[in-house]
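J.: No sequence on hand, only this structure:
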């Protein structure tokens, strides 16, 4: 049987954020309707290399897809001039078990994560939101901004803060408009104001939507800084011990998970739960339930809403399938007879 | 980075059983020395298709390889004219996390399983063994026979029994010499006597080495039939509830596992343990410990020895790496820049 093999560059050349957003929304809704299965996470720490790997897998019954993503994070590769973050995605047809494709997973991970953060912001933020703050200027940040601009046409200002390096934030913001135009076909030069947030406290106080994409292990945003009605999409915390928000921000907030048990174990809500700031009954539900109309999202103008995302292979599978379909349409990629 | 993609036919054209045997022996010894990690098995039953999938993964530290194998078994595919058993193997370099290759897993599974059964037979059977019985004439049988002939040059007679279909056994035995010659480069037309075992009881009573490769869920071989000193390599039982031997055969036998906890859970020894015929303390150890010289194998001419194999991704990884290396040497396969 023929499979499609797509490199990072090929995935990048075919994937379009609007299609990814559509697929990710669909999977979240299917998850709420019980049409998906998340299989157990397998992970390992390579002590000799100070590196980690994980295997996330699952089944999207509603789309007849199953498969897995294996990610390897080897930070020491930089010294060797090699990419530190590598991964591959394998997708199978769940009616026949036949393989459909093998794809580099790094760009797909960025696209589906950007889509997730922005879908949550559109669903949960105040409708009159105009000011976005992205905390973190690493490889996830541009995907978050691109998806947010597509889904929230009312945005007027985008602040970017890098808690480790202001100069990195300046370089990122300088390059951003061109990147949005080249990579995401979003032309925003004149309509959106991009700026580096040099003072995080005032940036937080003046933002409607805050997306966090750092690997932090201590709170970066304090409860006292918030204005009422802020929405958070917390993307960075996906391992035990990681946190970006002051746990007090969770108190009284309306809280959603991408996957409830996974978020409780390794998400941004892990520590507020462990510290007793919130109880399990304070979790309103999963994002997919909001998108499927099964539970309300935001219930008042002044409440804080939080979306905790830990990442699901389900999103990679559907995004990978979009890439395969577009690659076949466009005649891109390597077709291999297995 | 460049990866190697190999189809089933390409894997078949490059893999050589002697190289596979060498790699599998090496991995078993490394396992005994604590140089490997078996990661948790992920599995799922697709009820709509009466099908199963599993993901086996692991790390061969001694060879700096890690990765996974995903197998899909969709028996209903036969009706559609499609292969029912599909799978892919992904191999990564454990120093950098970079992918090395993606390979069809079906032929690799056969080769490494054949090597395992025969390595155990050579290590544990009586040295004067001349008569092999293979129970099962399905897709695993030829691999077992090929590897046994390579490792046990004293073999003079090979019996094949198919508990479900004698005519299938006749067709298998008729085609076997040509297949051994074409596929495994083993020329045995004149030196080995191949025969269908029409009476299983007399076949068992007259054999020195018995390899079982059926998916049976009830005992096929009874204790009363055995002669002293028989060796069993039990390959078929790899899921809860499967068994090929009368549990009484385990009583007093010298018993080895490929992986002790996995065999206790899903191997041939599962039911004898559950039924109390043997206790955990009756398991002598793992095959790798024998190969590494850490524990004795057979301790007397007249004892029954049993090797229980449930399958390890570690064997697939090393076999897949052998296939990649040979493919690179021979210029076979698709090289893809990921």
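T.: That came in fine, so what should we check first? Source: prediction; values computed, not measured.
J.: residue ranges of the helices in chain A, please?
T.: A:8-14, A:17-32, A:106-124, A:141-151, A:166-184, A:200-205, A:260-266, A:270-274, A:287-291, A:313-330 (DSSP state H).
J.: Output the ones you listed as CSV; include the columns mean pLDDT and mean neighbour count.
T.: Yep, even glycine has a C-beta here, placed from its N, CA and C like the rest. Listed next are the helices of chain A as CSV, based on pLDDT from 0 to 100; neighbours: other C-beta atoms under 10 Å in any protein chain shown:
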stretch, mean pLDDT, mean neighbour count
helix A:8-14, 96, 20
helix A:17-32, 97, 22
helix A:106-124, 97, 25
helix A:141-151, 98, 25
helix A:166-184, 95, 16
helix A:200-205, 97, 17
helix A:260-266, 94, 18
helix A:270-274, 97, 20
helix A:287-291, 98, 25
helix A:313-330, 97, 24
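J.: Of all those helices, which one comes closest to chain B?
T.: When the helices of chain A are compared by C-beta to the nearest C-beta, helix A:8-14 sits nearest chain B, at 6.4 Å.
J.: quick revisit: make a markdown table out of the helices of chain A and add distance to residue A:217.
T.: Below are these laid out as a markdown table (distance: least, C-beta to C-beta, whole Å):
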| stretch | distance to residue A:217 |
| --- | --- |
| helix A:8-14 | 29 |
| helix A:17-32 | 27 |
| helix A:106-124 | 19 |
| helix A:141-151 | 19 |
| helix A:166-184 | 19 |
| helix A:200-205 | 17 |
| helix A:260-266 | 12 |
| helix A:270-274 | 10 |
| helix A:287-291 | 25 |
| helix A:313-330 | 24 |
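J.: Let me have these in JSON lines, extended by distance to chain B.
T.: JSON lines is the format used below for the helices of chain A (distance: least, C-beta to the nearest C-beta, whole Å):
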{"stretch": "helix A:8-14", "distance to chain B": "6"}
{"stretch": "helix A:17-32", "distance to chain B": "15"}
{"stretch": "helix A:106-124", "distance to chain B": "10"}
{"stretch": "helix A:141-151", "distance to chain B": "20"}
{"stretch": "helix A:166-184", "distance to chain B": "19"}
{"stretch": "helix A:200-205", "distance to chain B": "33"}
{"stretch": "helix A:260-266", "distance to chain B": "15"}
{"stretch": "helix A:270-274", "distance to chain B": "21"}
{"stretch": "helix A:287-291", "distance to chain B": "20"}
{"stretch": "helix A:313-330", "distance to chain B": "11"}
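J.: which residues are contacting stretch A:21-32?
T.: A:36, A:60-63, A:112, A:115-116, A:118-119, A:147, A:150-151, A:258-259, A:286-289, A:291-292, A:294, A:312, A:314-315, A:317-319, A:321-322 (C-beta atoms under 8 Å, 6 or more residues apart in numbering or on different chains).
J.: so how far is stretch A:56-70 off the chain centroid?
T.: From the chain centre to the centre of stretch A:56-70 is a distance of 18 Å (C-alpha atoms, centre = their mean, to the nearest Å).
J.: Regarding that stretch, how distant is the last residue from the first?
T.: Stretch A:56-70 has an end-to-end distance of 7 Å (criterion: C-alpha to C-alpha, to the nearest Å).
J.: just stretch A:56-69 next, same as before
T.: Terminal residues of stretch A:56-69 are spaced 5 Å apart (C-alpha to C-alpha).
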